[in-house]
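> got a predicted model here, sequence first, then my questions.
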Amino acid sequence: MSKEQLQALLAKVDDDVDLQEKFKAAPDLDAAVAVAKEVGFDVSKADWLENKRLIGPHWLWEWSWI
């Protein structure tokens, strides 16, 4: 996955309250990967971890799995 795709996913999350809740409810990174796939983004655990710096601090507080 490219940096641009992750940024697009995060932008979608910023605009979609239901998606925010799905990510917040994810119990672990595997579940978060599954949520991303549900909405059309092919991300792996490594993608999330390698690009953690792109995730806003507000999401890092909300998402216990990252």
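Yes, it's here. Residues are numbered from 1 along each chain as shown.
> now for residue 11, how many residues are close by?
By other C-beta atoms under 10 Å, the residues close to residue 11 number 10. (Each C-beta comes from the backbone N, C-alpha and C, glycine too.)
> list the buried residues for the helix or strand hosting it?
Using DSSP states H and E, residue 11 sits within helix 3-15. Judged by neighbour count using 16 or more other C-beta atoms under 10 Å, the buried positions of helix 3-15 are 6, 9, 10, 13.
> so what's the last one closest to, chain neighbours aside?
It refers to residue 13. residue 19 (5.2 Å; C-beta to C-beta, 6 or more residues apart in numbering).
> on that earlier part again, lowest pLDDT pick from the buried residues of helix 3-15?
When the buried residues of helix 3-15 are compared on pLDDT, residue 6 comes out lowest, with 81.
> distance of the residue lying closest to it once chain neighbours are set aside from residue 4?
Nearest non-adjacent residue to residue 6, counting by C-beta to C-beta, 6+ apart: residue 51, 5.0 Å away. According to C-beta to C-beta, to the nearest Å, residue 51 stands 11 Å off from residue 4.
> same question for residue 63.
21 Å.
> for residue 26, give me phi and psi.
Dihedral pair for residue 26: phi -60, psi 130, per degrees, to the nearest 10.
> name the residues of the lowest-mean-pLDDT helix or strand in the chain that are buried.
Among the helices and strands of the chain, helix 57-62 carries the lowest confidence by mean pLDDT, DSSP states H and E, at a mean of 78. Neighbour counts using 16+ other C-beta under 10 Å place residue 59 of helix 57-62 among the buried residues.
> so which elements touch that helix?
helix 17-25 (3 or more C-beta pairs under 8 Å, 6 or more residues apart in numbering; DSSP states H and E).
> check the offset of the helix it packs on from the chain's centre.
Chain-centre distance of helix 17-25: 10 Å, with C-alpha atoms, centre = their mean, to the nearest Å.
> now do it against helix 3-15, angle only.
110 degrees (axes from the mean of the first three to the mean of the last three C-alpha atoms, to 10 degrees).
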